[in-house]
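S.K.: Build me a model:
(one chain, ligands or ions: 2)
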Amino acid sequence: MPKFVFDFTEGNKDLKDLLGGKGANLAEMTNLGLPVPPGFTISTEACRHYLEHGTVPEGLAAEVDEHLAALEREMGKRLGQADDPLLVSVRSGARFSMPGMMETVLNIGLNDESVAGLATQSGSERFAWDSYRRLIQMFGKTVLDLDGDLFEDALEAAKEAKGTKDDADLEAADFRALVATFKDIVREHAGREFPGDPREQMDLAVKAVFDSWNAPRAILYRRQERIPTDLGTAVNICSMVFGNLGLDSGTGVAFTRDPASGQQGIYGDYLQNAQGEDVVAGIRNTVALTELERIDKASYDQLLQIMEKLENHYRDMCDIEFTIERGKLWMLQTRVGKRTAAAAFRIACQLLDQGLIDADEAARRVTGDQLAQLMFPRFDGDRTDGTTRLTKGMNASPGAAVGKVVFSSPRAVELAARGEDVILVRRETNPDDLSGMVAAQGVLTSRGGKTSHAAVVARGMGKVCVCGAEELEVDVKGRTFTAPGDVVVNEGDVISIDGSTGDVFLGEVPVKDSPVVRYFEGAATAGDGDELVTAVDRIMRHADARARMAVRANADNPEDAARARRFGAQGIGLCRTEHMFLGDRRQLVEKLILAENAEERQSALDALEPLQKADFEGIFEAMDGLPVTIRLIDPPLHEFLPDLTELSVKVALAGDGADPQDRRLLEAVHRLHEQNPMLGLRGVRLGLVIPGLFSMQVRAIAEAAAARRDAGGDPRPEIMIPLVGAVQELEAIREEARGILAQVAEATGVDVPALIGTMIELPRAALTAGQIAEAAEFFSFGTNDLTQTTWGFSRDDVEAAFFSRYLDLGIFGVSPFETLDREGVGRLVRIAAEEGRKTRPGLKLGICGEHGGDPDSVHFCHEVGLDYVSCSPFRVPVARLEAGRAAL
Ligand code: PEP
Ligand code: MG
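M.R.: Ligands and ions are numbered 1, 2, ... in the order given. Next up, the predicted model:
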């Protein structure tokens, strides 16, 4: 027979799965000898049984009987005993904290008889009747599902009749009358009497707590916090202590350090003569916890001792709830406290200095996501004057952005090209807005949630985004939006959006650089006295020392390469050469595509080659001495041609007078048009079909390397072939490339060795990796395409079309484009890594898809044995930290 009920003396802090966080920590404190009111916990297992079958498990009632009897013996009084009642609280407590999402009922055990006993024992008639009315009120609302306003209105009416606004002016007789009124409300609206039997009260309250696991707000909270839906909650039954027995009583909350800054000290609030719910309801203002020293020195001193003991025991910042009953301190809850990103780094280092944790543990206490948060620019909160707060939307992608309002992507691109900062404002975005999103400082939408296209894409790009600002009326055609109070904002007006809070301001709120970015840039150092920077520096050093994997960057120009290097990149994992074919050079690509014979083609390639060579020289210089993986051109060529529709319209409108060049272009666009370009003529296929294209690129790489060597540099090129599905494809290109490398070596007299390898971004490549490794000196997992091709998802289409629905349905907890799908895509990566290394033991393995900068995916890459991850320059510190943490 499984055991469902555990006395506080039976549990410990590591049993959170079974006892919930609150129950496990109450047990831990009990065993530490701290003053915890005695009680017991009904396990999450009992809740899961109840939720599944609709009834409590067999044997639960008997177990509760047993524990209740033991509790009654310990307290020397029975639940609801008429002359001296034991009263209990019934509280929820799940594995993960879900603040305020589930239910609690206090004062269980009061009825028409025991209220008199409580009056006698407490010496306060008023207190007893107030407690009784609170029970009926909470019970009615929580257990019987009645509208809370019914009770609130009756309470208000009682105060009004008395001519007061303050609960404190109500007397015993008033509360006694309220009890009668509340019972009438129950009878009328619940169709039953308020149960006088204490045990029935308790059993119903337990079920209500179980049920509250599936309250709509709890479901919503779990979805947002990615808490599994099937855990269930434990129920804690705890003997009541009262903070509302007079001025020598009270209740409070405290942190063992400042959760915002990490500073050590006394942080918390205290409310005299009150219960916990009064603090939440805000009926009176709390005082700072330090005031308690004046109010009740003995309790204050004891509390500080306990806080120190808890910190030393948990080896972490804790938060606590406590009550003082007539000068006696009771601990009602503790847990490792939530904190800001900055506090996490600071606290980890403080605890390290105190000798409570070691450096490995300090690195475990922070996350890459927290580091990323510290790197966003921020608004200078002290300088918002001259601005107006317009509204608040959802904080979809953190950071601070200021710019002129624009309502279309082309306009965003146009103004950005002139060097203006813009904020793209839309009702919602779609894949067509990508260019505008890239050009803008930030994105603001009036519709859609945190998984809307705008939110997902903005986070992916590290772009500031506020979404779902529903109070805004966006009129894209009229190029204006209206905020509450009829504030009209037109195109060109400056707004500021805060992606960390969701705030939207009219006007310019000054922005300041994050000190952590200045540190990574080398503009600030750990010696400057900023505690946060020092903490980041210490933890990063330790992570670097621990990491087995290297971190490289995806960069395709010398500036990005240099920044990546400052941020600690150990090379380039992906240089996308197609990015070098944009702008003015697009015309040269057009020439190449339109070439009608070998001569024309060669002349187009000859024009491109010196430009490519110069690009590579700059990158080799920025990454001198470090590997640079250059990927030969990947996308389908029509991406370099004008848009089919636009060009068709242009040619059609011009009729007979159409420019012959336009006609030729249109023909080429038609010829190259593909139904599904992602799966069409791209990658290695281009190299095999367009003569001379890859050779030109390889020659540019080899000549650039030779030139760098001549100039005294140490270039380390690696040539990467994209979208290979069969070893034969790679073999053909490899032969071509080797030939060119040999030619250049001979012509220049400088032989710079270059590895030749491939991307693994098609399932077939992964499944035949053993063969492909015969021809490849390295593999780099292109998990963007590998995710697309494994799932059969076209990323640009699916994210906007149905990903939010899939997330809602729980088909995946997070987009597989954000975090690597371990079971599917990950399985292919694992197979390819193993089989590739079986063929070629020293095979170098890396990843260059977006996942290379995602914390969970970095841990996966470590587990599979990759040599490096590669990500965008700005994510490099995050990947470094996670590569180190993965190795702990
Ligand atoms: C990939 O597919 O993961 C990759 C890095 O290539 P791209 O994103 O350029 O297709
Ligand atoms: Mg790819």
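S.K.: Go ahead and confirm Glu777 touches Gly836.
M.R.: No - counting by Cβ atoms under 8 Å, Glu777 stays clear of Gly836, with 10.8 Å between them. (Glycine included, C-beta is placed from N, CA and C.)
S.K.: Mutual contacts of those two, please.
M.R.: Leu843 (Cβ atoms under 8 Å, 6 or more residues apart in numbering).
S.K.: out of those two, which sits in the busier spot?
M.R.: Gly836 (27 against 17; other Cβ atoms under 10 Å).
S.K.: Give me the mean pLDDT for the strand or helix carrying that one.
M.R.: Gly836 belongs to helix 825-839 when assigned by DSSP states H and E. Averaged across helix 825-839, pLDDT comes to 98.
S.K.: For that helix, enumerate the helices and strands it packs against.
M.R.: Contact here means 3 or more Cβ pairs under 8 Å, 6 or more residues apart in numbering; DSSP states H and E; on that basis helix 825-839 packs against helix 763-767, helix 769-775, strand 778-781, helix 783-791, strand 844-847, helix 855-864.
S.K.: so when I look at Leu605, I'm seeing a strand, right?
M.R.: No - checked against DSSP: H, G, I helix; E, B strand; the rest coil, Leu605 lies outside a strand; its state is helix.
S.K.: ok, Asp296 - contacts?
M.R.: So, once contact is read as Cβ under 8 Å, 6+ apart, Asp296 ends up touching Asp248, Gly250, Ile324, Gly327.
S.K.: Local confidence estimate at it?
M.R.: 97.
S.K.: Tell me which of the helices and strands packed on helix 825-839 is the most buried.
M.R.: strand 778-781 (a mean of 28; mean count of other Cβ atoms under 10 Å).
S.K.: For it, give me every contacting residue.
M.R.: 573-574, 629, 718, 720, 755, 757-761, 769, 772-773, 829, 832-833, 836, 843-849, 866, 870.
S.K.: Give me the three-state assignment for the residue of the stretch 301-450 of the chain found nearest ligand 1.
M.R.: Closest residue of the stretch 301-450 of the chain to ligand 1, Cβ to the nearest ligand atom: Leu434 (13.6 Å). When classified by three-state DSSP, Leu434 comes out as helix.
S.K.: give me every residue that touches the residue nearest to it when sequence neighbours are not counted.
M.R.: Of all residues not flanking Leu434 in the chain, Val457 sits nearest, at 7.0 Å (Cβ to Cβ, 6 or more residues apart in numbering). Neighbouring residues of Val457 by Cβ under 8 Å, 6+ apart: Thr429, Leu434, Met437, Lys463, Glu799.
S.K.: Just send these back as JSON lines, with neighbour count too.
M.R.: Formatted as JSON lines, the contacts of Val457 follow (neighbours: other Cβ atoms under 10 Å):
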{"residue": "Thr429", "neighbour count": "26"}
{"residue": "Leu434", "neighbour count": "15"}
{"residue": "Met437", "neighbour count": "23"}
{"residue": "Lys463", "neighbour count": "21"}
{"residue": "Glu799", "neighbour count": "22"}
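S.K.: returning to that earlier point: any part of the helix holding Gly836 near ligand 2?
M.R.: No - Helix 825-839 lies out of reach of ligand 2 by Cβ under 5 Å from the ion, never closer than 12.9 Å.
S.K.: and that helix with helix 783-791, angle?
M.R.: Helix 825-839 and helix 783-791 are oriented at 110 degrees to each other (axes from the mean of the first three to the mean of the last three Cα atoms, to 10 degrees).
S.K.: Give me the helix or strand of the protein that scores worst on average pLDDT.
M.R.: Every helix and strand in the chain was compared by mean pLDDT, DSSP states H and E; the lowest is helix 276-281, with a mean of 65.
S.K.: Val752 and Pro717 touch, don't they?
M.R.: Yes - using Cβ under 8 Å, Val752 makes contact with Pro717 at a distance of 6.7 Å.
S.K.: Domain map for the chain?
M.R.: 5-239, 250-336, 376-512, 547-636+674-887 (automatic domain parsing).
S.K.: mind giving me a markdown table with those and columns for distance to Ile539?
M.R.: Shown next, in a markdown table, are the domains of the chain (distance: least, Cβ to Cβ, whole Å):
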| stretch | distance to Ile539 |
| --- | --- |
| domain 5-239 | 25 |
| domain 250-336 | 13 |
| domain 376-512 | 18 |
| domain 547-636+674-887 | 7 |
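S.K.: Residues of the protein that sit close to ligand 1?
M.R.: By Cβ under 6 Å from any ligand atom, the residues of the chain that approach ligand 1 are Leu574, Arg576, Asp634, Glu761, Gly782, Thr783, Asn784, Asp785, Cys848, Gly849.
S.K.: what's the pLDDT at the residue nearest to Leu434?
M.R.: On the pLDDT scale, Val457 is placed at 73.
S.K.: helix or strand for it, which one?
M.R.: Counting by DSSP H and E, Val457 is part of helix 453-461.
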